[in-house]
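**Q** no FASTA, just this:
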């Protein structure tokens, strides 16, 4: 996967075609970028993610990957939702196994089960979690299972819709560090789209931050962050460059809110 192009993208629901949620969005994303979609709640971040996933169709414009327009959902793009998206009647392992069987239909179940167990270990969970139902797991454990499922499919594009928003601060920090560590160590990095309304979370994770304005939303700010200028958990509230960017992001969001007041 080389690049994703978003061209003149607009979207409205079919029952209210005159009420645009997003309007005329244009972006070019290169392979391996970790893009945080930042903005106020209700500004269309999740809608853009659903369009990237192929779960919604554009009203106007298109999204292409290496020149091919997105026509629907694909195992080349996996999604981690805020509500985990685990089937409650299946064990954690069976949820992961189901996704693996869709991606690798010709591989034996025993082999795929070993992959599922390995993915649980990679996200810091014990093998015993494989046999547990989602109701037996904490929120952080369920989210780790959802991440393990998406990573097991090994899609080149990972879409994450405020995946840590409902978690406590400690668990959230651990999972932020986990997803950044897993992304960083890959020889060929996945392209990640991470929806958040938390400026500090965006600064900690992203090497590119795209800010969406109020609905009908468009890109109001877009910045790329070099590796040497990226925030770390140790310096994010002390590094002057990080603080300057943090203030600029907050300024852009607040100015947009005031212009729509």
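**A** Nice, thanks for sending it over. Nothing here was measured: the structure is a model prediction, and the numbers come from that model.
**Q** quick one, strands of the protein?
**A** 3-11, 22-30, 34-38, 60-65, 68-69, 77-80, 157-161, 191-196, 208-212, 219-224 (DSSP state E).
**Q** what average pLDDT does stretch 116-127 get?
**A** If you average the pLDDT over stretch 116-127, you get 89.
**Q** one more: stretch 208-215?
**A** Confidence over stretch 208-215 (mean pLDDT, whole number) is 92.
**Q** and the contacts of it?
**A** 20-22, 27, 29, 33-40, 42-45, 48, 202-203, 218-225, 249, 252-253, 256-257, 259-260 (C-beta atoms under 8 Å, 6 or more residues apart in numbering). Using the backbone N, CA and C atoms, a C-beta is placed for each residue, glycine as well.
**Q** please state the offset of that stretch from the chain centre?
**A** Distance of stretch 208-215 from its chain centroid, counting by C-alpha atoms, centre = their mean, to the nearest Å, is 14 Å.
**Q** same question for stretch 158-176.
**A** 10 Å.
**Q** quick check: buried residues in that stretch?
**A** 158-164, 167, 171-172, 174-176 (16 or more other C-beta atoms under 10 Å).
**Q** got TSV for these, with distance to residue 146 and pLDDT too?
**A** Output for the buried residues of stretch 158-176, formatted as TSV (distance: C-beta to C-beta, whole Å; pLDDT from 0 to 100):
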residue	distance to residue 146	pLDDT
158	11	93
159	12	94
160	9	93
161	11	92
162	12	89
163	7	86
164	11	85
167	12	80
171	13	84
172	14	85
174	15	85
175	10	86
176	15	90
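**Q** between these, which is closest to residue 54?
**A** Distance to residue 54 across those (C-beta to C-beta) is lowest for residue 159, with 10.0 Å.
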